[in-house]
Each structure stands twice: as structure tokens, then as C-alpha cells.
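Engineer: show me how the following folds:
(one chain, ligands or ions: 1)
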Amino acid sequence: MARNKFDIDENLESPFDINHFKRAMIYIRKQKSPMILAFTLSALSAAVGLSAPLIMQHIVDVVIPDKAVGALVGWSALILFTIVASVIMATYRSRIMTRVGQDIIFDIRTDLFKHLQELPFQYYDDRPQGKILIRVVNYVNSVSDVLSNGIINFVLEIVNLLFIAIFMFMVNAKLSLLILAGLPVFLALMILIKNGQRRAWQAVSNKSSNVNAYLQESISGIRVTQIFTREQYNEGTFTRLAGNFRKAWMHAQLYNGFIPFAVDNLATIVSTSIYLVGLLILGPEEVTFGVIIAMTSYAARFWQPILNLSNLYNSFINAVAYLERIFETLDEPVTVSDIPDALELPPIKGDVAFDDVTFAYEPGRNILEHLSFKVKAGESIALVGPTGAGKTTVVNLISRFYNITGGRILVDGYDINQVTLKSLRSQMGIMLQDSFIFSGTILDNIRYGRLDATEEEVIAAAKAVRAHDFIQEFEMGYKTEVNERGSKLSQGQRQLISFARTLLANPRILILDEATSSIDAKTERLLQEGLNELLKGRTSFIIAHRLSTVKNCDRIMYVADKGVAEAGSHDELIARRGLYYRLYSAQKMEA
Ligand SMILES: Nc1ncnc2c1ncn2[C@@H]1O[C@H](COP(=O)(O)OP(=O)(O)OP(=O)(O)O)[C@@H](O)[C@H]1O
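Structural biologist: Numbers count the residues shown, from 1 in each chain. The predicted structure is shown next:
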């Protein structure tokens with residue numbers, strides 16, 4: 001999918017695709033038993049309710065003229081019973097269906113979440129988070145009612161319609177045909193508005209997605225907004241997006257409103273015709289007063305399911321717009337995944353080799369070209385070089401967060417494409433530039449990658465990276481609750497916690513991307529001492545702009561021009577007086 005900004009509508013899938021519903025049956029089928037029970041209750045409730053007009057007809061035409069008071073009480077009690085029974089069954093059905101709806105939401109949502117966990121970095125690079133969130137939260141909610149109650153009601157309304165027709169014909173066939181005559185007109189109207197209605201609901205889904213994306217982005221970036229006092233400008237953008245949503249919604253409602261309007265008018269015309277045709281044309285011989293009462297009641301009842309079916313149809317059209325988005329997410333290919341019969345990478349020593357590696361995030365724009373280098377187990381490698389040169393890219397490729405375009409990357413001689421991602425990544429300790437902190441305690445955060453780590457191990461890791469002291473200073477120590485993104489912590493504290501988390505995994509290969517950039521020089525020096533001990537025997541890749549951090553690495557690789565422009569130890573590169581020397585001299589002068 002193309003890159004997508006908050007105010008760019010996602011592509012619409014033009015023709016109505018019934019397969020979305022067929023596919024949704026996977027979720028519905030799981031609820032078969034409660035749905036059949038709910039359906040039976042509804043059918044019974046409807047059938048019991050439908051007998052009331054017949055009883056009424058009998059009371060008016062037979063019981064009242066006979067002045068049979070006893071029978072009148074009996075029949076009235078029966079009507080009361082039908083109403084009570086019908087209400088009880090309807091209430092029980094509603095409880096069952098609430099549960100079914102929630103189960104469907106649960107199933108779709110967990111499937112979506114599971115898939116989102118597996119989608120590669122590239123997926124998240126390409127779209128606003130808000131557009132992903134809205135699918136899991138709002139769209140799933142919006143389709144659940146249609147997939148549960150909607151399906152049952154649809155079948156029920158059809159059965160209801162058939163029952164009403166049978167009862168109607170039992171009373172008077174000619175007047176029944178008159179009631180049915182409005183149906184073709186109504187169907188023609190529905191077909192006429194179908195496409196416009198569908199497009200209107202797709203627009204609603206797009207515009208709500210845009211609002212969500214901008215809202216999410218604005219909340220994440222609120223600090224920058226306030227620093228640059230962009231509040232008013234952003235309000236303008238939000239107002240525009242919210243206005244677009246309102247417009248799309250109002251437009252879709254026009255179609256919704258049209259349906260009851262058409263049904264009401266047709267029902268009124270039909271009911272009036274019953275009086276006219278019944279009394280004036282057919283005459284009192286054939287059409288008694290009781291027949292008129294029963295038939296007008298059936299006419300009203302007949303158009304009610306039609307109205308309900310049309311509203312359901314409208315909800316189906318609406319739900320398809322959301323289902324499209326949900327299934328699109330579920331179908332998003334996991335481009336970085338295990339090949340069939342992928343090997344389990346055995347416990348590694350830590351050799352890494354790039355063999356003629358070419359890589360592009362976007363086709364036609366290579367970030368690395370024909371890059372080759374070998375790193376022996378236990379070596380410490382520094383990656384330095386200008387901003388945007390590709391240092392992070394190199395380390396992201398070692399863990400196979402992206403697929404390379406050409407060449408091979410080997411770990412202990414194994415092509416990383418041939419081994420399972422889990423066996424590869426679980427042997428690496430990766431600390432990304434964004435030291436993300438999750439909501440929970442500091443202990444939970446350090447233990448994030450190794451849930452079985454003991455408290456002693458957590459503390460040892462924290463001590464090694466010099467995080468222990470500041471953690472102890474919090475009143476609750478390791479049990480201190482931190483917010484998502486660690487807003488209670490300083491940037492340096494976040495880095496230290498994230499560092500401890502990486503070390504706790506006890507990896508053979510350690511990747512540190514600007515791991516100490518926010519840590520003061522003194523703490524960094526102490527941390528370095530602790531690390532020297534810990535890094536012994538492990539392969540490490542360290543990216544740092546502060547060259548003092550990486551001076552002592554076994555080898556320094558200067559990344560530039562889509563590859564490694566210079567490589568060697570600090571002393572070798574200084575003696576060469578090339579790119580690294582210039583960078584180092586510039587930093588020294590600044591200091
Ligand atoms: N997800 C992405 N999609 C497309 N292009 C990207 C993506 N990530 C990085 N790039 C591009 O790839 C190039 C290398 O980026 P990379 O993050 O590897 O650089 P870096 O050397 O680590 O930079 P820095 O020192 O600023 O962290 C940059 O030109 C950047 O624009």
C-alpha cells in the first residue's frame with residue numbers, strides 16, 4: 001500500500017463484494033448454537049404475536065355479536081398471554097444475542113491483534129497509527145451487531161413476512177394481493193439507490209479513519225504542537241477533518257432517511273386502498289368489518305418487516321465498508337516471516353557476515369549497495385557516519401526486520417533468511433533508538449523480553465548498566481509504576497531501563513543504537529566499565545554519534561555512500577586521516 005497521510009483517503013474497493021460476508025461466516029459459524037436458539041425464540045415470539053389479529057377478528061365478528069361475555073374474557077386473556085409470552089422470549093433472545101455479538105467482537109479483535117503483532121516494520125512505516133487503531137476498535141464494534149443480530153433478524157424478518165402473508169391470505173386473498181402490489185415498486189427504488197448508498201458508507205469509513213489518524217498523531221505530538229504554538233492551526237485541520245466526517249455522515253443518512261420515507265408512503269397508500277377496494281369494490285358481503293380490521297393490521301405488520309429488512313440492508317452495506325478494512329488488515333502479508341521448513345538457529349557463537357548486501361526501503365532507492373563485511377564472534381563493531389547514511393538500517397537487517405533486496409546475511413554461517421525469526425531474534429539483544437517504555441512497573445519493563453527472569457537477575461542487569469541507583473531512589477523502587485512511553489522518567493533513565501532490558505536477555509549478539517546518547521558523560525563512563533565486563537565474548541554492534549563512546553571498539557566502520565567507506569581500529573583510522581579522522585577532529589574541537 002502506498003504511504004498514507006492522515007488526510008488522504010484509503011483506496012476504495014469499488015464493487016460490492018459479497019465475499020466479505022462469506023468470510024465473516026467463519027466468525028458467525030462459531031456461534032451457531034446460541035444463534036439457532038435465539039432464532040427459535042424469535043420465531044416463536046413472532047408467531048405467538050401474529051395470532052393476535054386473528055383472535056381480534058374472531059372477537060369482532062363472532063364473540064361480540066353473540067354477546068358471549070365468558071368467551072370474550074377467555075379470548076382477551078389469550079391475547080394477554082400472547083403478549084407476555086412474546087415479550088419474555090424476546091428479552092431472553094436479546095440477552096443471548098448480546099453475548100454472541102461480544103463473542104464475535106472478541107474473535108475478530110484478537111485475530112486482528114495477533115496479525116498486527118506479526119506484521120513487519122514496513123507495515124507500520126507506511127501508515128498512520130490512528131488508521132490501524134480505528135480498525136481494531138471502532139470498525140469491529142460496528143460490524144458485530146450486523147454479524148450477530150443482523151443475520152438473525154434478516155432471516156427472521158423473511159420468515160415473519162412469509163407468516164404474515166400466509167395469515168393475510170387466510171383472511172382475504174384479493175386484499176392480500178393488493179398489499180403485495182407495493183412490493184415491486186419498493187424493490188425498484190432500493191436497487192436505484194444501492195450504489196450511491198454504498199459509496200456514501202465507504203466515505204463515512206474513510207472520513208472517520210482520517211479523523212482518528214489525525215487525533216492519534218496530535219495526541220502523540222502534543223508537546224511539539226505546544227512548543228510551536230500550533231494549537232490554532234491544528235484546530236483548523238481537525239475542524240476540517242471532523243467537518244468532512246459530518247458531511248459524509250449526513251450524506252449517508254439521506255439514504256437512510258429515504259427508506260422509511262418510501263415505506264411509510266407505500267404502506268399508507270396500501271392501507272387506504274384496503275378501505276377503498278374492500279368497502280367500495282368488494283362490498284360488505286365479502287369484506288366484513290372484522291376482515292377490514294384484520295387486513296389493515298396485517299398491512300401495517302407486513303410493511304414493518306420490509307422497513308426492518310431495508311434498514312438491515314443499509315446496515316449490511318455499511319458493515320461491508322468496515323469489513324473491507326478489517327479483512328484488508330488481516331490479509332496484509334507478513335512479508336518478513338519464516339520460510340517453509342525454516343531451520344532453528346542453534347545456540348550461536350556470534351559470527352556475522354554481510355555478503356554483497358543490497359537493500360532498499362522503497363523500490364529504486366537503494367540505501368545499501370553490494371555491502372560486504374565479516375565480524376568474528378566476540379568482536380565489538382562501531383558504526384559511525386553522517387545522519388541518514390544507513391547505520392540503523394545495517395543493524396535492522398541483522399535481525400531481519402526487513403528483507404534485503406540482494407545478497408546474503410549470515411550468522412554463524414547460517415543465512416538468516418533460512419532460519420526461524422524467533423530463533424534468530426531471541427539470540428540478539430537489540431536496543432533501538434526509541435527506548436520505548438510500556439505502562440507497568442520498572443520491573444515489568446526490564447523483564448519484558450525474558451518473563452522468567454528472577455528479581456535478582458533483573459537487579460543484576462540494572463546494576464550493570466548503572467540504573468540500579470536511580471531506581472532505588474524511587475519510593476517503590478523496582479515496583480514503581482511508569483506510564484506508557486515512560487513520561488515519568490527522564491530520557492536518560494528511559495535509556496538505562498531499556499539497556500537493562502536488552503542485557504537481561506543475555507544475548508550473544510548485542511546491538512546498541514544510540515543507547516547512551518541521553519546519558520550524562522559520567523554515568524556513561526561508569527556504564528562503559530560495567531559493559532566491558534559484560535561484553536566479553538559477545539559480538540556487539542554499537543551506533544553512536546559521540547565518538548568517545550566507541551573509540552575502544554575493536555573495529556570502527558564509517559558508513560557512507562551506500563556502504564562502509566572506511567573500516568579499522570580507532571588508531572588505524574586516525575592514522576589514515578580520512579573521513580573518520582575528520583569527524584573525530586571536529587568533535588574534539590567542539591569539546
Ligand atoms: N522506514 C523507512 N522507509 C523509507 N526510508 C527509510 C526508512 N527508514 C530510514 N529510511 C531512509 O534510509 C536512510 C538511512 O536511514 P538510517 O536510519 O539507517 O540512517 P542512520 O545512519 O542510522 O541515521 P541516524 O544517524 O540519523 O540515526 C535514510 O536516508 C532514511 O531516509
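Engineer: residues in contact with the residue in the stretch 51-200 of the chain that the ligand sits nearest to?
Structural biologist: Residue of the stretch 51-200 of the chain nearest the ligand, by C-beta to the nearest ligand atom: Asp125 (3.8 Å). The way it works is simple: take the backbone N, C-alpha and C, and place the C-beta from them, glycine included. By C-beta atoms under 8 Å, 6 or more residues apart in numbering, the contact set of Asp125 is Tyr361.
Engineer: repeat the analysis, applying 7 Å as the threshold.
Structural biologist: Contacts for Asp125 (C-beta atoms under 7 Å, 6 or more residues apart in numbering) come out as none.
Engineer: measure it to Phe401 for me?
Structural biologist: 10 Å (C-beta to C-beta, to the nearest Å).
Engineer: OK, now which residue of the stretch 151-300 of the chain is nearest to the ligand?
Structural biologist: Nearest residue of the stretch 151-300 of the chain to the ligand: Glu217, at 16.8 Å (C-beta to the nearest ligand atom).
Engineer: check the offset of the helix or strand harbouring that residue from the chain's centre.
Structural biologist: Here Glu217 sits within helix 182-220, counting by DSSP states H and E. Averaging C-alpha positions (C-alpha atoms, centre = their mean, to the nearest Å) puts helix 182-220 19 Å from its chain's average.
Engineer: give me the buried positions along it.
Structural biologist: Across helix 182-220, burial judged by 16 or more other C-beta atoms under 10 Å covers 182, 186, 189-190, 193, 197-218.
Engineer: before we move on, what about stretch 341-350?
Structural biologist: Neighbour-count burial for stretch 341-350, with 16+ other C-beta under 10 Å as criterion, is recorded at 342, 345, 348-350.
Engineer: give me the next element, helix or strand, following the helix holding Glu217.
Structural biologist: helix 222-227.
Engineer: for the residue positioned nearest the centre of the chain, give its distance to Ile28.
Structural biologist: Among the residues of the chain, the one closest to the centroid is Val136, at 2.8 Å (C-alpha atoms, centre = their mean). Distance, Val136 to Ile28, using C-beta to C-beta: 19 Å.
Engineer: just for the stretch 251-400 of the chain, where's the confidence low?
Structural biologist: Along the stretch 251-400 of the chain, segments meeting pLDDT under 70 are nowhere present.
Engineer: pull up the residues of it that are close to the ligand.
Structural biologist: Within reach of the ligand by C-beta under 6 Å from any ligand atom, the stretch 251-400 of the chain has these residues: 361-362, 367, 387-393.
Engineer: can you redo those as JSON lines with distance to Tyr478?
Structural biologist: Listed next are these as JSON lines, based on distance: C-beta to C-beta, whole Å:
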{"residue": "Tyr361", "distance to Tyr478": "39"}
{"residue": "Glu362", "distance to Tyr478": "43"}
{"residue": "Ile367", "distance to Tyr478": "40"}
{"residue": "Thr387", "distance to Tyr478": "36"}
{"residue": "Gly388", "distance to Tyr478": "38"}
{"residue": "Ala389", "distance to Tyr478": "38"}
{"residue": "Gly390", "distance to Tyr478": "38"}
{"residue": "Lys391", "distance to Tyr478": "33"}
{"residue": "Thr392", "distance to Tyr478": "30"}
{"residue": "Thr393", "distance to Tyr478": "35"}
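Engineer: can you tell me which of those residues end up in strands?
Structural biologist: Those of these mapping onto strands are 361-362, 367, per DSSP state E.
Engineer: helix or strand: which one has Ser142?
Structural biologist: helix 140-145.
Engineer: does anything pack onto that helix? Which helices or strands?
Structural biologist: helix 69-118, helix 289-331 (3 or more C-beta pairs under 7 Å, 6 or more residues apart in numbering; DSSP states H and E).
Engineer: report the buried residues of it.
Structural biologist: Using 16+ other C-beta under 10 Å as the test for burial, helix 140-145 gives 140, 142-145.
Engineer: what do you get for stretch 350-368?
Structural biologist: Applying a neighbour-count criterion of 16+ other C-beta under 10 Å, one finds 350-354, 357-360, 366-368 buried in stretch 350-368.
Engineer: fine by me, we can end here.
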